[in-house]
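Asker: Below is the sequence, then the predicted model.
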Amino acid sequence: MLNSIGGWLTDPAHWTGPNGIPQRVLEHLIYSGISLVIAALIAIPLGVIVGHSGRAKWTVSLANSLRAVPSLGLLFAVALWLGPKIASSLAYVIPSVIVLVLLAVPPILSGTYAGIQGVDPAARDAAKGMGMRGGEVLRKVELPCALPLLLSGVRSATLQVIATATIAASISLGGLGRYLIDGLSVSDYAEMASGAILVAALALVMDGILSIVQRTAVSPGLTGKFRNTRDNPPVVTTTARGDASDPASPTDRADDQREALV
Amino acid sequence: MTWVADHIGDILWYAGQHTLLAGIPLIIGLIIALPLGWVARRYSKLYGFLIAGSGLLYTIPSLALFILMPLILGTRILDTLNVYVAMTLYTLALLVRTVADGLGAVPDSTRQAAVAMGFTGMRRLLKVDLPLAVPVIAAGLRVAAVSNVSIVSVASLVGFPQLGYYLTDGYQRTFPTEIIVGIVGCVLLALIFDTVIRAGAWAITPWQRVAR
């Protein structure tokens, strides 16, 4: 079985043309990317407003309760409802993107909301005390402080979107899901499993990239790395001194030996 | 509505299948997650490894995991065991972290008081740490239950019978009623799971009621 999957994946015929792996990966990334950008454009401002003002919290709970709706059902319902109304090649793309956006909004919204709401009031007051205006406080203090939670919302939205874009192949959307659904319909296990491996790999790579983004984008003042060096200056200096004296000791010893020889 | 009345027997059967496919992995997942979460909390070197490992499982899209299961288990593509194992893995992915965090959230003063009263090792874990972690674990269990119900419906694409059948069949036959039945059924089932878990947690944490 493994041999047939290896054979499928390494077959040059599967690496070119409109049904080739590079093309399918690209489609998968484009649909997912478009949906995530639209979802972020909706969810981040909304989360900021709700988190900042503390009003309209129902939008967050509404979005969260949407998570109980099975994504497959949402996909089929929207496709059946909108599909016939769109008379073009986009008949499958638009319903899919709508569903992907609907699925990506809740995690980003609740992440942004929780992040903004959780900003230390003292930090906010300090920013105001330093003469920052509302917009400045938001850009320079609240958003950077909310970034860890906001980004973890984006991360889980990305996984959700990549997984659901795979399922969307069952309503004729392109992308890597094609191999799974097409392979299933003709009982070609090698094709299905190869597609599944590719989708899993894509999801893992995207998650890895986002975790790196998360690590680099978040201010060092929040991750604790910065605080450690500031809070314990004596410890730092002692280790520094210790380090400095260590390389010196062999020379000392060498000197001693020389003296002994002399 | 007449369609629903005519097919109520089938609907209930599919709902029963759905409950099994989502519920049994939830229970097995919890049983495995408890020791793993404890190990993750106890040995801080393993914490990162276990959390990252279980998180990685959740990264794999459900349809892909269902299809890859036969490769790992040596089962046939339509063996229900595939769904049970895949769902258990997803449950684990969510719960290992929850259990570790729940045990970690037990206040230090409480732990010290327990030690002073003579609670040691296993007895302290079972009598003090674990009961106090119940609210956190229950919250994680609720998230896992709702997500399991939703993910199981995807298995209908491969051909496993449960409420997701109404979604695929309704789409293929352009019959919206069936899709609505599938969606409403899944949401109701998620709600039932949620209520049961909440009631269970409420019943075994009487001190929470006194405190509030």
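Answerer: Done, it's in.
Asker: So which residues of chain B form helices?
Answerer: Counting by DSSP state H, chain B has helices at residues B:2-6, B:8-42, B:44-59, B:62-73, B:80-104, B:108-116, B:121-124, B:130-154, B:164-172, B:176-204, B:206-211.
Asker: which parts of chain A sit against chain B?
Answerer: A:1-2, A:5, A:67-74, A:76-77, A:79-81, A:159, A:162-163, A:166-167, A:170-171, A:177, A:180-181, A:184, A:189, A:192-193, A:195-197, A:199-200, A:203-204, A:207 (CB under 8 Å from any CB of the partner chain). Backbone N, C-alpha and C define where each C-beta goes, glycine included.
Asker: Helices - which of these land there?
Answerer: A:2, A:5, A:71-74, A:76-77, A:79-81, A:159, A:162-163, A:166-167, A:177, A:180-181, A:184, A:189, A:192-193, A:195-197, A:199-200, A:203-204, A:207.
Asker: picking that back up, please identify which of the helices of chain B is closest to residue A:128.
Answerer: Relative to residue A:128, the nearest member of those by CB to CB is helix B:80-104, separated by 33.9 Å.
Asker: so what's residue A:24 up against?
Answerer: By CB atoms under 8 Å, 6 or more residues apart in numbering or on different chains, the residues touching residue A:24 are A:174-176, A:178-179, A:198.
Asker: how far away is it from residue A:143?
Answerer: 36 Å (CB to CB, to the nearest Å).
Asker: circling back to that earlier point, got a ChimeraX select line for the buried ones in the ones in helices among the residues of chain A next to chain B?
Answerer: With 16 or more other CB atoms under 10 Å in any protein chain shown as the criterion, this ChimeraX line picks the buried residues out of these:
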select /A:5,71,72,73,74,76,77,79,80,159,162,163,166,167,177,180,181,184,189,192,193,195,196,197,199,200,203,207
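Asker: Name the residues of chain B found near chain A, please.
Answerer: Selection of chain B residues close to chain A by CB under 8 Å from any CB yields B:56, B:58-65, B:67-68, B:70-71, B:77, B:146-147, B:149-150, B:153-154, B:156-158, B:164, B:167-168, B:170-171, B:174, B:176, B:179-180, B:182-183, B:186-187, B:190-191.
Asker: Any idea which residue is closest to the centre of chain A?
Answerer: Ranked by distance to the mean C-alpha position of chain A (CA atoms, centre = their mean), the top residue is residue A:155 at 2.4 Å.
Asker: Least confident secondary structure element in chain B?
Answerer: Between all helices and strands in chain B, the lowest mean by mean pLDDT, DSSP states H and E belongs to helix B:206-211, at a mean of 77.
Asker: Measure how far that one is from the centre of its chain, please.
Answerer: A distance of 26 Å separates the centroid of the chain from that of helix B:206-211, by CA atoms, centre = their mean, to the nearest Å.
Asker: Equivalent analysis for stretch B:181-196, please.
Answerer: 14 Å.
Asker: Quick check: mean pLDDT of it?
Answerer: Mean pLDDT, computed over stretch B:181-196, is 93.
Asker: residues of that stretch that come out buried?
Answerer: For stretch B:181-196, by 16+ other CB under 10 Å, it's B:181-187, B:189-190, B:193-194.
Asker: So for residue 91, what's the nearest residue that isn't a sequence neighbour?
Answerer: Looking at chain A here, since you left the chain open. With CB to CB, 6 or more residues apart in numbering or on different chains as the criterion, residue A:91 has its nearest non-adjacent residue at 5.1 Å, and that residue is residue A:83.
Asker: Correction: the question concerned chain B.
Answerer: Closest to residue B:91 by CB to CB, 6+ apart is residue B:29, at 2.8 Å.
Asker: Next, the contact list for that neighbour, please.
Answerer: Counted by CB under 8 Å, 6+ apart, residue B:29 has contacts B:87-88, B:90-92, B:95, B:144.
Asker: Return the closest of the residues you listed with respect to residue A:114.
Answerer: Nearest to residue A:114 among those, with distances taken as CB to CB, is residue B:144, at 19.7 Å.
Asker: From residue B:98, how far off is the closest one?
Answerer: Look at residue B:144 and residue B:98: by CB to CB, they are 8 Å apart.
Asker: next one: residue A:216
Answerer: Per CB to CB, residue A:216 is found 28 Å from residue B:98.
Asker: Of the two, which one has the most company?
Answerer: residue B:98 (21 against 7; other CB atoms under 10 Å in any protein chain shown).
Asker: I'd like to know how far that one sits from residue B:65.
Answerer: Taking CB to CB, one finds residue B:98 at 20 Å from residue B:65.
Asker: ok now do the closest residue to residue A:198 other than its chain neighbours, which residues does it touch?
Answerer: Nearest non-adjacent residue to residue A:198, counting by CB to CB, 6+ apart: residue A:176, 5.2 Å away. Going by CB under 8 Å, 6+ apart, residue A:176 touches A:24-25, A:27-28, A:166, A:169, A:195, A:198-199, A:202.
Asker: residues contacting residue 169?
Answerer: Just going to use chain A. Residue A:169 sits next to A:175-178, A:180-182 when contact means CB under 8 Å, 6+ apart.
Asker: sorry, should have said chain B
Answerer: So residue B:169 contacts B:175, B:178 (CB under 8 Å, 6+ apart).
Asker: and with 7 Å instead?
Answerer: Counting by CB atoms under 7 Å, 6 or more residues apart in numbering or on different chains, residue B:169 makes contact with residue B:178.
Asker: same question for stretch B:161-175, mean pLDDT?
Answerer: pLDDT averaged over stretch B:161-175 gives 91.
Asker: buried sites along it?
Answerer: For stretch B:161-175, by 16+ other CB under 10 Å, it's B:162-168, B:170-171.
Asker: gap between the residue nearest to residue A:178 when sequence neighbours are not counted and residue B:194?
Answerer: Among residues not flanking residue A:178 along the chain, residue A:169 sits closest, at 4.9 Å (CB to CB, 6+ apart). According to CB to CB, residue A:169 and residue B:194 sit 31 Å apart.
Asker: and the angle from the helix or strand where the residue nearest to the centre of chain A lies to helix A:177-185?
Answerer: Using DSSP states H and E, residue A:155 maps to helix A:143-167. Orientation of helix A:143-167 against helix A:177-185 (axes from the mean of the first three to the mean of the last three CA atoms, to 10 degrees) gives an angle of 30 degrees.
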